[in-house]
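> A predicted structure for the sequence below; I have some questions about it.
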Amino acid sequence: MREDQFVDELKEMIVDIARRCRNCNYCYSVCPLFESTRGFQVQGPSGILQAIRYGIRWGELEGEEKEILRDILYACTTCYSCVLKCKSSGPGVPLLDGIEGGRKLLVELMIGPMPEQIKVLESLEQNGNPYDEPPSKRLDWLRDLENERSLSYKLLGKGAEVLLYVGCTPSYNEGIKDVARAVVKLLEEVGADYGILKEEKCCGSPARRMGEEGLFEDLSTENLEAFKQSGVRKIITISPHCYNTFVNEYPEAIKGFEIQHYTEFFADAIERGSLVPKLRIEKKVTYHDPCYLGKRNGVYDAPRKILMSIPGVQLVEMKRNRDNSLCCGGGGGRMWIEVEEVKRLSESRVEEAMAVGAEVIATACPWCHIQLEDAVKTTGNEGKIEVKEVAELLASSL
Amino acid sequence: MEIFVCLRQTAILKEEPKIQPDGKTLDLSGVNRHLNEWDAYALEEALLLAQKYGGNVSIISLGPQEVEEVLFYGLAAGAKEAIHILTPEGLEIDNWVIANALAQEIKKHPFDLVLTGAQAEDDGCGEVGATLAHLLGIPHASLVMRVVYEPETNSLKVDRELEEGYMDALRLRLPALLTVQTGINQPRYISSMRLRRFKKSATISKVSFDDLISKTQGFLPKKEIVKLYTYRPDVSKAKILEGSPEAVAEQLIGQLISKGVL
């Protein structure tokens, strides 16, 4: 495809979506960016969309203001609240497709991504992970666990029924490796015939969120090939971002696999009776819905079922929950950039959890976990409340 | 302004490389390569200067066939012309010969400014830029952090980075050569799709290294690597001190005294 053709098609798509937006601004009422910033028009969904629309129309993509336009587009958390709101109270404009289309356009025109995200994309291309970590260290977390106990996993492509797609953050982040270990312990407990890819690569979600469509295509093609080679039928993910990408964004061939988030897999196991939490955890626990699991994919009940199955756990809901849940602020490539906020979203969320007297914030997303854990510290609530992954709580009750 | 930028392809050493049995070279088989980081800044600076003051950016690189990758990258970034000095496989040359080959080719073209990165991230020598300036007979400034063109005198005003936050402001009459320091700008990101399109459609002019440099011309390497070795600090002796900050400080002082540091 010629450069001009690709760029023209993107522009057309964005302008078409923006034209369909009635600027009713109902989406502002649920936008976490609008809530956490100074509340300018361009810090909310339809404003961002109109910014790129007029950027195209007024030729600002070549002008001196192009970096301002870039900052506007990349501030969005891509939480999906605006799309849900629009569907519920209007014609249902795919606002996020327009915003993410704008990011693709800026990357294509060498205006995007944000400067801090360039190294992330380079690492995705060179190392298959966004953290500038060597591929050879991807399975180190598993080696550590193997030193503690024997495991029955298969290093694929030897063939197994279920593939545990670990993802980059649980593979490399010291604080989140325990989540991967907890999921493996749970798989062992249910006697799953499971495998882990020998040379796993990023699902591509960060690339797509930052507007790097070509890199996303490369990673999705490589992963799909690895899945096919492995011979599995079912894929379980730890991160909702990988889950969403596989379910909603991968090429058609992914439909040959059943994709589950680990909370769905273990909630099923509990319902079947093959996983029985026994040890009591006498804690007041609140559940933070990750946007990419809840709002994007409607998985609200499975993590709650797991938490309620743990003896002693008292599940309390925050004021905002399920499709009204507040985003942690880490999505949409924002894990790597600093967005000027009046109040950090993750801090607001911790305060919401404190307000209902929770001792534990349970979540089911590595990035939410990191964001909320930081916010517990920055709000001075260390020792009063802790952040745990649903898998960690479940594993510790066996 | 006609600007030449010299680009070098360097290995990305994420995994620890092994030293070859000859004790002089690294085993780089299977190692990914990319555009030398310093050269990416030089390229961006050239593109910004051409955009601001008018002119064209040409890029030049020397090496085997795979070096084409960085030239396509440079073309995708906005360079107008790319020249590849193709070297025979396995050729061992030093920076003196590289600078000579680059000089031979660049001399054939009109140029006002030549940019290189301040150094290469693999060997860290920082030799090619200065040697090339000498061979072209033009003034040179190293570790450049800011460039302003002054058309009335056809010269450049540049700031060089010194240690401890000091800067050195110079004026150079064109033609000149600058070696560029990282941080001078923010190199643009080239998307995978854009790069793919340029690889399909862009053209690179090929020049034979053997035609430029022959042994009869006396351009023989002047240096050879005698030995390549690693220095590994003994991290196994690291000790984590535990306790309150006061207790840790007390233990640390005790350790430093007992080891003879204090």
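Arrived safely. Residues are numbered from 1 along each chain as shown, chains lettered A, B, ... in the order given.

> The chain: strands as residue ranges?
Here I'm looking at chain A. Taking DSSP state E, the strands of chain A run over residues A:154-156, A:162-165, A:194-197, A:234-237, A:258-261, A:284-287, A:314-316, A:360-363, A:386-389.

> try chain B instead
Going by DSSP E, chain B shows strands at B:2-7, B:9-11, B:18-19, B:26-27, B:33-35, B:56-63, B:81-86, B:113-117, B:140-150, B:155-161, B:167-173, B:176-180, B:205-208.

> Pull the number of nearby residues for residue 231.
The chain I'm using is chain A. By other CB atoms under 10 Å in any protein chain shown, 14 other residues sit near A:G231. Yep, even glycine has a C-beta here, placed from its N, CA and C like the rest.

> Chain B, not that one
Under the criterion other CB under 10 Å, the count of neighbours that B:Y231 has is 4.

> How much space separates it from B:S58?
B:Y231 sits 40 Å away from B:S58, going by CB to CB, to the nearest Å.

> hmm, back to that, A:D301: which of the strands of chain B is closest?
strand B:33-35 (46.2 Å; CB to CB).

> Okay, now the sheet partners of that closest one, with direction.
Strand pairing for strand B:33-35, using DSSP bridges, gives strand B:9-11 (antiparallel).

> distance of the closest residue to A:G195 other than its chain neighbours from chain B?
The shortest distance from A:G195 to any non-neighbouring residue, by CB to CB, 6 or more residues apart in numbering or on different chains, is to A:A160 (3.4 Å). Taking CB to the nearest CB, to the nearest Å as the measure, A:A160 falls 28 Å from chain B.

> Tell me which residues touch A:A160, please.
Neighbouring residues of A:A160 by CB atoms under 8 Å, 6 or more residues apart in numbering or on different chains: A:Y153, A:K154, A:D193, A:Y194, A:G195, A:S230, A:G231, A:V232.

> of all these, which two lie farthest apart?
Checking the contacts of A:A160 with CB to CB, the most distant pair is A:Y153 and A:G231, at 14.6 Å.

> which residue packs closest to the residue of chain A found nearest chain B, ignoring adjacent ones?
Proximity to chain B, evaluated over chain A using CB to the nearest CB, is greatest for A:G214 at 3.0 Å. In this structure, A:G214 finds its nearest non-sequential neighbour in B:S192, 3.0 Å apart by CB to CB, 6+ apart.

> ok, which residues in the stretch 151-262 of chain B are in contact with chain A?
Residues of the stretch 151-262 of chain B lying close to chain A (CB under 8 Å from any CB of the partner chain) are B:Q186, B:P187, B:R188, B:Y189, B:I190, B:S191, B:S192, B:M193, B:R194, B:L195, B:R196, B:R197.

> Helices of the stretch 251-398 of chain A, start to end?
For the stretch 251-398 of chain A, the helices defined by DSSP state H, counting those that start in this stretch occupy A:262-272, A:301-309, A:345-355, A:366-378, A:390-395.

> now those helices in JSON lines, with mean neighbour count, mean pLDDT and distance to A:P290?
Shown next, in JSON lines, are the helices of the stretch 251-398 of chain A (neighbours: other CB atoms under 10 Å in any protein chain shown; pLDDT from 0 to 100; distance: least, CB to CB, whole Å):
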{"stretch": "helix A:262-272", "mean neighbour count": "21", "mean pLDDT": "98", "distance to A:P290": "10"}
{"stretch": "helix A:301-309", "mean neighbour count": "21", "mean pLDDT": "98", "distance to A:P290": "9"}
{"stretch": "helix A:345-355", "mean neighbour count": "22", "mean pLDDT": "98", "distance to A:P290": "11"}
{"stretch": "helix A:366-378", "mean neighbour count": "22", "mean pLDDT": "97", "distance to A:P290": "5"}
{"stretch": "helix A:390-395", "mean neighbour count": "24", "mean pLDDT": "98", "distance to A:P290": "10"}
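
> Need those in a markdown table (columns: distance to B:L162).
Shown next, in a markdown table, are the helices of the stretch 251-398 of chain A (distance: least, CB to CB, whole Å):
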| stretch | distance to B:L162 |
| --- | --- |
| helix A:262-272 | 54 |
| helix A:301-309 | 57 |
| helix A:345-355 | 42 |
| helix A:366-378 | 38 |
| helix A:390-395 | 51 |
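
> closest one to A:D71 among these?
A:D71 sits nearest to helix A:345-355 of all the helices of the stretch 251-398 of chain A, at 17.5 Å, using CB to CB.

> Dump the C-alpha coordinates for that closest one into CSV.
In CSV, the C-alpha atoms belonging to helix A:345-355 read as follows (Å, rounded to 0.1, in the frame of the first residue of the first chain):
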residue,chain,number,x,y,z
LEU,A,345,-6.4,8.1,39.1
SER,A,346,-4.8,5.3,41.0
GLU,A,347,-4.7,7.5,44.2
SER,A,348,-8.4,8.3,43.8
ARG,A,349,-9.0,4.5,43.4
VAL,A,350,-7.1,3.7,46.6
GLU,A,351,-9.1,6.3,48.4
GLU,A,352,-12.3,4.7,47.2
ALA,A,353,-11.2,1.4,48.5
MET,A,354,-10.2,2.9,51.9
ALA,A,355,-13.7,4.6,52.0
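
> sorry, back to before: now which of the contacts of A:A160 would you call buried?
A:Y153, A:K154, A:Y194, A:G195, A:S230, A:V232 (16 or more other CB atoms under 10 Å in any protein chain shown).

> Low-confidence ranges, the chain, go.
Assuming you mean chain A. Judged by pLDDT under 70, chain A has its weakly predicted residues at A:1-3, A:157-158.

> That was the other one, I meant chain B.
For chain B (pLDDT under 70), the answer is B:215-218, B:233-237.
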